[in-house]
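Participant: build me a model:
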Amino acid sequence: MMPNKLMLWAATALALSGCAVGPDFKKPAPPAPTEYGQAGKGSSTQPVAGSAEAAAAGPQSVVQVFHPGQDIPPQWWALFHSPDLDRLVRRALDQNPSLESARDALAAANENRLAQQSALYPSISGSFNPTRNKTSRTYSPVPNSNAWLYTVHTAQLNISYVPDLWGGVRRGGEAAKALRDAQRDQLEAVYLTLTSSVVQAAIDYAALNAQLEATQSLVALQRTLLASAERQEQVGQFSRNDVAMQRASLAQNEATLAPLQKQLEQQKHLIAALVGDAPDAPEPSFTLESLSLPVDLPVSLPARLIEQRPDIRTAQANWHAACAQVGVAVANRLPNVQLGATPGFAAASIAQMASPGFGQWEIAAMITQPLFDGGLLRHQEHAARAQYDQAAADYRTTIIAALQDVADTLTAIRSDATALGANASAATAAAESWHIAQAQYRLGDVSEVSMLQAQQTQLQAQLALAQARADRLSDTVALFQALGGGWWNSKEPDAPRTPSWHPDKGLATILP
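Facilitator: As a prediction, this is how the structure comes out:
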């Protein structure tokens, strides 16, 4: 009967170890289909911009077309057709310390996951304890030799095992795996943010460069215009008020030069920081003409968006981890079994350990059940359930924010495409007006001041046009970032690295 009872007990323990208390995490259903508000309606292969009025806008006047469901290439920045930009992004991916830190964090999270799984296996440790002892003459001699002084060599194994009866350890491993996944998605987020920031920094540099050049030309023109106005004041054709207004206009534009130069220098510093260089490191100089506007724009469906956006995936992984922690908290309140064994030897000399009769062992089992802890475990379970609900709410919030992000970006693309057309038309009209004024000036129909004022209007229109072109480039970058950036087609960012000890630095470093 005894063997049958032992087999029954073992079968029961095995059956219990196959279950896990607490809720099972279920992957949430994708959001309902949406057209991202008014911005996405009619977006199926419809041109965004490219009217004839925008012909003066340069390379950024090309027609952009939305393609719902189209996948995003992993190196989406290559669609801007700038070799300098490609090299800059590659340097950032190779040298940026934030990306390196995220890889190290992923490696640590992966090791923590593996460490959590070790609790599913028995724990075995060995010890060897030689001692020299003296027994008081009050007692009989303890050792077999009847000597008051004796030596004992004790060697034994300590074996302990806690069966995962309620699945608490497995729930802990499930939580650790989910946290590892969250850290992996955080790495993807750093990758996406870094690449988007580098491309945007290059666009901002090109825009500032164009604004600075246009402003410098405008200031030079206004100085010429002021000199002409002063000459005409001397012959009585201009009043002092007209000259004073011209001086004020010149001073206002001159005042914008220093801030633009400061911003341009700071933008160079930002680019250097993104690629992991010192501020004085030479960086490529970008112009709006060197950046082509991508023609085909992907628009991911909501069901795909939740699989692509790193922030949504991180929120889902955190929700999964919180769900598993509920099971851990429930298991902590239930009875548990701990098994232990300590086989070994105790002998007066090491040689005796090989002889029969000097072995010793102990086998023990213990059942534990929390009886009173002041409500500690109960409140911990309630806290875990509240954190589970909080993580679910955070997940829904992240999805709503992601949908809003895409909708805002689509709206910006359409709006700024219209603005570019308007600015291009204004620039065309201003250029035509300037050419007419030049012809009239050569014929003596208008004064030099009138001709220069027409040129000033043309330069101001070019300044606005440059900003409009930069806005379209920035909107395209924002769309690729809002849709997730195509990291799922890349093998680069999510490979955890193996830590190794670096003897020169004296600290753990991570090698590719």
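Participant: drop to CA atoms for contacts and neighbour counts, all remaining ones
Facilitator: Fine.
Participant: which residue ranges of the stretch 151-300 of the chain form helices?
Facilitator: Ranges of helices within the stretch 151-300 of the chain are 168-234, 240-274, based on DSSP state H, counting those that start in this stretch.
Participant: tell me the centre residue of this structure?
Facilitator: Compute the mean C-alpha point of the chain, and by CA atoms, centre = their mean the closest residue is residue 189, 2.0 Å away.
Participant: pull the contacting residues for it.
Facilitator: 310, 311 (CA atoms under 8 Å, 6 or more residues apart in numbering).
Participant: ok, residue 96 next?
Facilitator: With CA under 8 Å, 6+ apart, residue 96 has these contacts: 273, 274, 275, 276.
Participant: what number of residues lie near the last one?
Facilitator: To tie it back to what came earlier, the one meant is residue 276. Burial of residue 276 is recorded as 18 neighbouring residues (other CA atoms under 10 Å).
Participant: that one contacts residue 98, correct?
Facilitator: No - counting by CA atoms under 8 Å, residue 276 stays clear of residue 98, with 9.1 Å between them.
Participant: what is the neighbour count of the nearest residue to residue 395 once chain neighbours are set aside?
Facilitator: Closest residue in space to residue 395, ignoring its immediate chain neighbours: residue 315 at 5.1 Å, by CA to CA, 6 or more residues apart in numbering. By other CA under 10 Å, 22 other residues sit near residue 315.
Participant: same question, residue 226
Facilitator: Residue 226 has 22 nearby residues by other CA under 10 Å.
Participant: same check, this time on residue 134
Facilitator: The burial count for residue 134: 12, using other CA under 10 Å.
Participant: and it, what does it touch?
Facilitator: 148, 149, 150.
Participant: most neighbours among those, which one?
Facilitator: Sorting the contacts of residue 134 by how many neighbours each has (other CA under 10 Å) puts residue 150 first, at 18 neighbours.
Participant: show me what contacts residue 430?
Facilitator: Taking CA under 8 Å, 6+ apart, one finds 454, 455, 457, 458, 461 in contact with residue 430.
Participant: where does the stretch 101-250 of the chain dip in pLDDT?
Facilitator: By pLDDT under 70, the stretch 101-250 of the chain contains no weakly predicted segment.
Participant: who wins for most neighbours among the contacts of residue 96?
Facilitator: Busiest of the contacts of residue 96 [other CA under 10 Å] is residue 274, holding 24 neighbours.
Participant: which parts of this protein are helices?
Facilitator: Assigned by DSSP state H, the helices in the chain fall at 2-17, 83-95, 97-117, 168-234, 240-274, 302-308, 310-331, 376-443, 448-482.
Participant: so which of these is nearest residue 338?
Facilitator: Closest of the helices of the chain to residue 338 is helix 2-17, at 11.9 Å (criterion: CA to CA).
Participant: re the thing from before, single out the most deeply packed of the helices of the chain.
Facilitator: Mean neighbour counts were taken over those using mean count of other CA atoms under 10 Å, and the top value, a mean of 25, falls to helix 310-331.
Participant: report all helices and strands that that helix contacts.
Facilitator: Judged by 3 or more CA pairs under 8 Å, 6 or more residues apart in numbering; DSSP states H and E, helix 310-331 is in contact with helix 168-234, helix 302-308, helix 376-443.
Participant: how close does residue 292 get to residue 226?
Facilitator: Distance, residue 292 to residue 226, using CA to CA, to the nearest Å: 38 Å.
Participant: again, but for residue 289
Facilitator: In terms of CA to CA, residue 289 sits 32 Å off from residue 226.
Participant: what of residue 142?
Facilitator: Applying CA to CA to residue 142 and residue 226 gives a distance of 115 Å.
Participant: repeat that for residue 479.
Facilitator: Counting by CA to CA, the gap from residue 479 to residue 226 is 45 Å.
Participant: likewise residue 116?
Facilitator: Separation of residue 116 from residue 226 (CA to CA): 77 Å.
Participant: tell me the one of the contacts of residue 134 nearest residue 72?
Facilitator: Nearest member of the contacts of residue 134 to residue 72, counting by CA to CA, is residue 150, at 78.3 Å.
Participant: export stretch 348-359 as CSV, just CAs?
Facilitator: Taking Å, rounded to 0.1, in the frame of the first residue of the first chain, the C-alpha atoms of stretch 348-359 are listed here in CSV:
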residue,chain,number,x,y,z
ALA,A,348,38.1,11.4,11.2
SER,A,349,40.2,11.5,8.0
ILE,A,350,39.6,12.1,4.4
ALA,A,351,40.7,8.5,3.6
GLN,A,352,37.9,7.1,5.8
MET,A,353,35.3,8.7,3.5
ALA,A,354,36.0,6.0,1.0
SER,A,355,35.2,3.3,3.6
PRO,A,356,31.8,1.9,4.2
GLY,A,357,29.9,3.1,7.3
PHE,A,358,30.9,6.8,7.3
GLY,A,359,28.1,8.0,5.1
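Participant: if we go by neighbour counts, what in it is buried?
Facilitator: Neighbour counts over stretch 348-359 (16 or more other CA atoms under 10 Å) mark 348, 353, 359 as buried.
Participant: would you turn these into TSV with distance to residue 306 and pLDDT?
Facilitator: What follows is those, written out as TSV (distance: CA to CA, whole Å; pLDDT from 0 to 100):
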residue	distance to residue 306	pLDDT
348	69	86
353	64	84
359	62	89
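Participant: export those as TSV, with columns for distance to residue 326.
Facilitator: TSV is the format used below for the buried residues of stretch 348-359 (distance: CA to CA, whole Å):
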residue	distance to residue 326
348	52
353	49
359	45
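Participant: among the residues you listed, which one lies nearest to residue 72?
Facilitator: Closest approach between the buried residues of stretch 348-359 and residue 72, by CA to CA: residue 359, at 68.3 Å.
Participant: so what's that closest one closest to, chain neighbours aside?
Facilitator: residue 345 (4.3 Å).
Participant: local confidence estimate at the closest residue to residue 92 other than its chain neighbours?
Facilitator: Here the nearest residue to residue 92 in space, its sequence neighbours aside, is residue 275; by CA to CA, 6+ apart that works out to 3.8 Å. Turning to residue 275, the model gives it a pLDDT of 92.
Participant: hmm, residue 275 is touching residue 85, no?
Facilitator: No - in this structure residue 275 lies outside contact range of residue 85 using CA under 8 Å: 11.7 Å.
Participant: quick revisit: between the contacts of residue 134, which sits nearest residue 102?
Facilitator: residue 150 (58.6 Å).
Participant: how close does the closest one get to residue 356?
Facilitator: 20 Å.
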